[in-house]
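Peer 1: Need the 3D shape of this:
(chains A and B)
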Amino acid sequence: MSYLSLTDADREAMLEAIGVASVEELFDDIPDAVRFGRELDLEPALPEAELVAHLEELAARNAHTGSELSFLGAGIYDHYVPAIVDAILARGEFLTAYTPYQPEMSQGVLQAIFEYQTVICELTGMDVSNASGYDGTTVAADACYVAKHVTGRSKVVLCEALNPQVRQVVKTYAPGFGLEVVEVPHHDGVTDPDELARAAEGAACVIFQQPNFFGCLEPAPDLAAAANAAEALPVAHVDPMSLGLLEAPGNYGCALAIGEGQSAGNYQSSGGPHYGFIASRSDYIRRMPGRIVGETTDTAGERGYVLTLQTREQHIRREKATSNITTNQTLLALAGLVTLSWLGPQGLREAGETCMALADYAKERIGLPLLFPDRATFKEFAVRVGRPADEAIRAARERGVHPGYALKRDYSGMEDALLVCVTEKRTPADIDRLAEVLAEVAA
Amino acid sequence: MKLIFERSKPGRRAAAIPKPDLPIPEVPEDLRRRKPPRLPELAEPEIVRHFTALADRTFGVDTGFYPLGSCTMKHNPRVNERVVSLPGFRDLHPLQEEEGSQGALELMWRLQEILAEVCGLDAVSLQPAAGSQGELTGLMLMRAYFADRGEADRRRTVITADTAHGTNPASVTMAGFDLQKVETDARGNLDLDDLRAKVNEETAGLMLTNPSTLGLFDEHIEEVAAIFHDAGALLYYDGANLNAVCGISRPGDMGFDIVHINLHKTFSQPHGGGGPGGGPIAVRDILEPFLPVPAVVRADERFRLDYDRPKSIGKVRGFGGPFGVFVRSYAFIRAYGPALREMSEVAVLNANYMLARLRNAYELPFDRHCMHEFVLSARALKREHGITALDVAKRLMDYRFHPPTIYFPLIVPEALMIEPTETEPKETLDAFCDAMLEIARDAAKNSKLLKDAPHHRPVRRLDEVKAAKRAIVRYQFDEHPDLGGDASEGEAVEAQKGA
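Peer 2: Purely as a prediction, here's the structure:
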């Protein structure tokens, strides 16, 4: 086996040093009854070339965004990932290190996390970010746990226009956290601040998404104000790629900002691994989950970085920890840092503008009725295709175009609604082709 | 070294964004960003140099030996990086129609089957994002199982060992259970008397790592399982140490009902500086109805996602889980085939060889053959020479080794927890042992050398107390405080590092 380094002579010498006759003797402590008496029933080992061929064969049976013109978004987005991300993430030092427990060995990754935390704070207008959460769903559950402890309340309010996967994960976590989940319906694609204000009474937090799952721009400052009036923590779930154009949650009164980082720097990868981000005002720093890197000095007075505020964490505080998280998504967050450094403030703004321009062009070019015609949108919008959307998708895919997401998978009354996503990677010609295909497949 | 923000200059840029000849719509005034985020402004050459410099200041398995106990820092085969980058995996959307993702679904289904075989259990969900989320998911399954039986109000307690990873008690709290701890006996097994006294009709289950964080296989595992099963409770296996027993002893055969597997430990997903991980769970058939949705199932040679699981706990993470991690781990296992057993054998051989070489220079709290890792104590060095586990760890850095996990498990004072993994050559094991022996000698005759270590890293010992006190957790641009010159206010704390 090529991943193992011992020769037969090594093994002999090592067994002799240990004082046993065989490797088998080392397992004497395992009771006979629980010993595994046969060979594992696994397929035979594959040499590297055959392994690659096998994986190529599996990969070839997937329709990816290089083989199919895609307008599928709904939480995972086909934005451009710069080449330097591949180059930097391939550095073995980043790839094969672990959590920087020993800071003198890990100044590079610690500094990268500190820079990542800064970038997330800048994007969201917050004071503190952790080193990353698992994804855009679990950070919502994290935010609820923070809010429960900060407010002592046990109700959380979710807007219905919040990504359904996020809502499902919060609901899964809620019983263990002792939380009751209340959902507030949307009206014509956005949340009504007055209705939200009523639901927020007695709530620990309110989570809304900007832009929301339908692509519509929520009246976010009014939603945050509604939550604040009820002394519930306003939590904005935001898309990093929108934050060159849209106001930062910290600048309109939010207590926490969370989101899925994939759009900034990660490939779609069928759903992961990606990074979730969670950032808050400084008031909640000691309730934040997971790793946080802080600045300090060494014994010579030189600047350096360490994992800090660890008395929040499971390895110190155990059952009283702010979270059980240990392994996070550092490598994917590093991809986010590299990408956002590559974009810079100007590039981030321009990428957002291109998405908006193309999405507007697509709305006009497609010409189908919009699901929410009065709403401003960012890079996604919903149209009515006049027949069950899944049928239209199937017919469009036969023509080489994936036209979007069928909202009926999550919302009743949206049988014919198709959520179309346009990133800066699509061109006007791509959109012309989409319009052509939709004209053929829509009823 | 400068922060990337300190290399930034207004007007510099790297990215050129496509700009179609279309009008740019206005963002409504009240939603528009007023002040741009202060992202770095650099051209590409300087970005690459910056991150290359950061990589140079980071130590990975590729750099050298990394025996961080309980973390399984083995070599990460590069073929796995090649296959995960195939466009059919990398550029696949998770909401792609089933007919457009048959290859991905088949890979997931195959990995489920493999993990079920390795664990000796019936059904697998790949969804949890990491080991600790696997733990939480497993406890949610316990909760759902007892709720289904009408016993949820009664079964409030989950028992963990005093050697447990901190994640175990933290997960117990997050899942809404009460925690009870059981002690370790003189041979390093669970104390059966203590256990019998604590297991009753209020017990929901046990969380146990086996081999334990002491690197020891619990010799009474059958009795332990019987105590819980006789009380109607369930057993959860923390798979952090599965690398010791693949093909040798299966958690399901030991009596465990729920297992999480750390794909980034046993199955070689690179650790990435702290993640990503993967934490699939395998369960006995009685728990299958409660697994997260969607389930990946095979029907008539087709693969599909099954959401129709009325008893399911729901979703614990977005989509089907961290798919790229599955690709790497699947490729890793297919490269071994049934010889996975040899992987575990060599991991155990390597650990026992190091133990044999070091056992006279450091205290050995439990004198048995170890499994894939072992725990020594620097207690005697501390008592006799004032040299702590932290000092030993820092001095190892000067030999270009990553230190082992220290100050864990908590029941061993001045713990040094060493896990070599199977991928290291004997020469490396010997060089590390030589360094450990020399450090033990230097403790007696040159303790200042150890106290001042490391001497050859980019920074000297860092002041963790000051970091916590000042809590500077982001760059603050013009208002950024200057900590320089203000040398050590405190000493590094004796807190767990690793595991």
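Peer 1: any idea how far A:Ala236 is from B:Asp30?
Peer 2: Noted for B:Asp30: a distance of 15 Å to A:Ala236, by Cβ to Cβ, to the nearest Å. For every residue, glycine as well, the C-beta is placed using N, CA and C.
Peer 1: what about these two, which has more around it?
Peer 2: Each of B:Asp30 and A:Ala236 has its neighbours counted (other Cβ atoms under 10 Å in any protein chain shown); A:Ala236 has more, 30 against 12.
Peer 1: residues contacting that one?
Peer 2: A:Ala236 makes contacts with A:Thr124, A:Ile207, A:Phe208, A:Gln209, A:Gln210, A:Ala220, A:Ala224, A:Pro249, A:Cys254, A:Leu256, A:Ala257, A:Ile258, as judged by Cβ atoms under 8 Å, 6 or more residues apart in numbering or on different chains.
Peer 1: So which of those residues are in strands?
Peer 2: Counted as lying in strands by DSSP state E, out of the contacts of A:Ala236, are A:Ile207, A:Phe208, A:Gln209, A:Gln210, A:Leu256, A:Ala257, A:Ile258.
Peer 1: Return the member of those nearest to B:Leu235.
Peer 2: A:Ile258 (34.8 Å; Cβ to Cβ).
Peer 1: Bridged to that closest one, which residues?
Peer 2: A:His237, A:Ile278 (DSSP bridges).
Peer 1: Return the closest of the ones in strands among the contacts of A:Ala236 with respect to A:Tyr145.
Peer 2: A:Leu256 (11.0 Å).
Peer 1: Contact partners for the closest one?
Peer 2: If you count contacts by Cβ under 8 Å, 6+ apart, A:Leu256 has them with A:126, A:143, A:146-147, A:205, A:233-236, A:249, A:278-281, A:284.
Peer 1: count of neighbours near residue 111?
Peer 2: Defaulting to chain A. 25.
Peer 1: actually chain B
Peer 2: 24.
Peer 1: Name the helix or strand for it, please.
Peer 2: Per DSSP states H and E: B:Leu111 is located in helix B:102-119.
Peer 1: and that helix, how far out from the chain's middle?
Peer 2: 21 Å (Cα atoms, centre = their mean, to the nearest Å).
Peer 1: Okay, buried residues for it please.
Peer 2: Buried residues in helix B:102-119, counted by 16 or more other Cβ atoms under 10 Å in any protein chain shown: B:102-112, B:114-119.
Peer 1: from the residues you listed, which are also near chain A?
Peer 2: Filtering the buried residues of helix B:102-119 for proximity to chain A (criterion: Cβ under 8 Å from any Cβ of the partner chain) leaves B:Gln102, B:Gly103, B:Ala104, B:Glu106, B:Leu107, B:Ile114, B:Glu117, B:Val118.
Peer 1: Excluding chain neighbours, what is closest to the closest residue to chain B within the stretch 301-443 of chain A?
Peer 2: Across the stretch 301-443 of chain A, the shortest distance to chain B (Cβ to the nearest Cβ) belongs to A:Leu331, at 3.0 Å. Using Cβ to Cβ, 6 or more residues apart in numbering or on different chains and skipping the chain neighbours, the partner closest in space to A:Leu331 is B:Gly272 (3.0 Å).
Peer 1: cool, and B:His385?
Peer 2: B:Ala443 (4.5 Å).
Peer 1: Perfect, I'm done here.
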